[in-house]
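Peer 1: could you look at this predicted model? Sequence included:
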Amino acid sequence: MLDHCYDYAEAAKREGRPIVGILCEFTPREVILAAGAVPVCLCGGSADTIPAAEQVLPANLCPLIKSTFGYHLTGRNPFLQWADLVVAETTCDGKKKMFELMAESKPLYVLELPQKADDADALTRWTDEVRKLKDHLEQRFGVRITDEGLRRAIRLMNRERGLRRRLADLMAAEHPPLTGRQLLGLKSIISGIEADLEQYAKALDVLSAPGLPEPPSARKPRVLLTGVPLVHGAERVLELIEDCGAVVVCMENCTGLKPILEDVEESVPDPLRAIARKYYHLPCSVMLANCGRLDSLRALAAKFRPDCVIELIWHACLTYDVESYHVRRLVESELRLPYLKITTDYSASDSARIKTRVEALLEMARLRGRNLALPL
């Protein structure tokens, strides 16, 4: 998938299409696509670039931020090097201050996110921010973003989200045809590539066909994974969970279901406001208060029927770390499921410890399942 994205971005660059880097699901891809640009996720998932970043950034900072900035300093991410613009969103404080440093040598546009989720005028202010992003893209790239262009981009992204939702829905089966790691591998770092959407559709045809042999995920403990995103190169914890004999049937995070649960309304007079509304509904931990995430976890648990819940937190990701209090209470007190919180970074030094804790959780889930199966 990554090689395919490289070829696509390289060809787009040769054709004169702008490359726009994004680092957050709040950045509306439809507006970028309507400008004729290519939206590329730049979130770093490599531990190798972190030492370079720590020459400038504090060591006790989120590894995703350090890895991304390390790529910037070392020039090892071709997508970041090709980017004609990086859209910086004001979510966590670490990212905001990192963006200040990146802006010294990279064109950057700041998208300000209102963070009081239920504030009466928050959506209006956010819509104004999305409109200012549209104006900036038009000016920078010398294009005109029309309502019709926005509607075409909305239809494209809705189609992509719909296909990815259907792939994720396959994991709700009693015997999922994929592992969680295989499902994550179907996510592209570039949105709106027609060839990707065709492959998603083909995968759905193959995996939904009757008479398939029993998949390797059959009869394994089912895990709902929540917390921070699993960007390319940082899939270690997901792999450890499934190496322990489980199958991750649902990923609630930003690289999973969170950004694709809702589509943009297509038949509305103001497509830009519709885009803003969809993205503002993302239940991110930076929001105050983030009740939408708890509602989403309830619905996903009912649909995917996990035997346990694992929450992944990157070191120094304070918003998710604090919010884990609410998640644990929901899981243990309301959903009545075993819960495990894993706090780690990109280093593999704690893999053995994580493996032991995951094995203990899965054994607890198995015992619980056997007890629930006992006759009354």
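Peer 2: Sure thing, it's come through. Residues are numbered from 1 along each chain as shown.
Peer 1: what residues are up against the closest residue to His136 other than its chain neighbours?
Peer 2: Nearest residue to His136, sequence neighbours excluded (CB to CB, 6 or more residues apart in numbering): Tyr109, at 5.3 Å. Any C-beta I mention is one placed from the backbone N, CA and C, and that applies to glycine too. Counting by CB atoms under 8 Å, 6 or more residues apart in numbering, Tyr109 touches Leu85, Val86, Val87, Ala88, Leu133, His136.
Peer 1: dump the residue contacts of the closest residue in space to Leu300 that isn't next to it in sequence.
Peer 2: For Leu300, ignoring the flanking residues on the chain, the nearest one in space by CB to CB, 6+ apart is Cys250 at 5.3 Å. Contact partners of Cys250, counting by CB under 8 Å, 6+ apart, are Ala168, Met171, Val223, Leu224, Leu225, Gly256, Leu257, Leu300, Lys303, Phe304, Pro306.
Peer 1: please apply the same query to Glu332.
Peer 2: Pro338, Tyr339.
Peer 1: before we move on, what about Leu288?
Peer 2: Going by CB under 8 Å, 6+ apart, the list of residues near Leu288 reads Gln115, Lys116, Ala117.
Peer 1: what about the closest residue in space to the last one that isn't next to it in sequence, neighbour count?
Peer 2: Among residues not flanking Ala117 along the chain, Met287 sits closest, at 4.3 Å (CB to CB, 6+ apart). The tally of other residues near Met287 (other CB atoms under 10 Å) stands at 23.
Peer 1: check Val228 too.
Peer 2: Close neighbours of Val228, defined as other CB under 10 Å, add up to 24.
Peer 1: next one: Ala103
Peer 2: Neighbour count of Ala103, defined by other CB under 10 Å: 14.
Peer 1: bridged to the closest residue to it other than its chain neighbours, which residues?
Peer 2: The shortest distance from Ala103 to any non-neighbouring residue, by CB to CB, 6+ apart, is to Ala88 (7.6 Å). With DSSP bridges as the criterion, Ala88 is bridged to Val110.
Peer 1: Three-state assignment for the spatially closest residue to Phe79 that is not a sequence neighbour, please.
Peer 2: Leaving out its chain neighbours, the residue that sits closest to Phe79 by CB to CB, 6+ apart is Val40, at 4.8 Å. Per DSSP: H, G, I helix; E, B strand; the rest coil, the secondary structure class of Val40 is strand.
Peer 1: with Gly245 instead?
Peer 2: When classified by three-state DSSP, Gly245 comes out as coil.
Peer 1: please apply the same query to Val223.
Peer 2: Applying three-state DSSP: Val223 is strand.
Peer 1: on that earlier part again, let me know the closest of the contacts of Tyr109 to His232.
Peer 2: Val86 (17.3 Å; CB to CB).
Peer 1: give the contact list for the closest one.
Peer 2: Taking CB under 8 Å, 6+ apart as the test, what Val86 contacts is Val20, Gly21, Ile22, Leu23, Leu42, Leu80, Phe99, Met102, Lys106, Pro107, Leu108, Tyr109.
Peer 1: any idea how far the closest residue to Ser191 other than its chain neighbours lies from Arg328?
Peer 2: Closest residue in space to Ser191, ignoring its immediate chain neighbours: Arg29 at 4.6 Å, by CB to CB, 6+ apart. Arg29 is 33 Å from Arg328, where distance means CB to CB, to the nearest Å.
Peer 1: please apply the same query to Asn60.
Peer 2: 23 Å.
Peer 1: compare those two (neighbour count), which wins?
Peer 2: Remark: of Asn60 and Arg328, Arg328 carries more neighbours, 15 against 10, as counted by other CB under 10 Å.
Peer 1: the nearest residue to that one once chain neighbours are set aside pairs with what?
Peer 2: Nearest non-adjacent residue to Arg328, counting by CB to CB, 6+ apart: Tyr339, 5.2 Å away. Tyr339 has these beta-bridge partners by DSSP bridges: Val309.
Peer 1: report how many residues lie close to Tyr339.
Peer 2: 21.
Peer 1: next up, the contacts around it.
Peer 2: Counting by CB under 8 Å, 6+ apart, Tyr339 touches Cys308, Val309, Ile310, Glu311, Val327, Arg328, Val331, Glu332.
Peer 1: which residues sit against the strand or helix carrying Ala301?
Peer 2: Assigned by DSSP states H and E, Ala301 falls within helix 291-304. For helix 291-304, contacts defined as CB under 8 Å, 6+ apart pick out 117, 171-172, 222, 224, 226, 249-250, 252, 257-258, 261, 281-285, 309, 323, 326-327, 330-331, 334-335, 337.
Peer 1: and those, which are buried?
Peer 2: Burial by neighbour count, 16 or more other CB atoms under 10 Å: within those this picks out 117, 171, 222, 224, 226, 249-250, 252, 257-258, 261, 282-285, 309, 323, 326-327, 330-331, 335, 337.
Peer 1: show me the shaky parts of the stretch 201-350 of the chain.
Peer 2: The stretch 201-350 of the chain contains residues with pLDDT under 70 at 215-218.
Peer 1: in the helix or strand where Cys5 lies, what counts as buried?
Peer 2: Assigned by DSSP H and E, Cys5 falls within helix 2-14. Neighbour-count burial for helix 2-14 flags Cys5, Tyr8, Ala9, Ala12, Lys13 (criterion: 16+ other CB under 10 Å).
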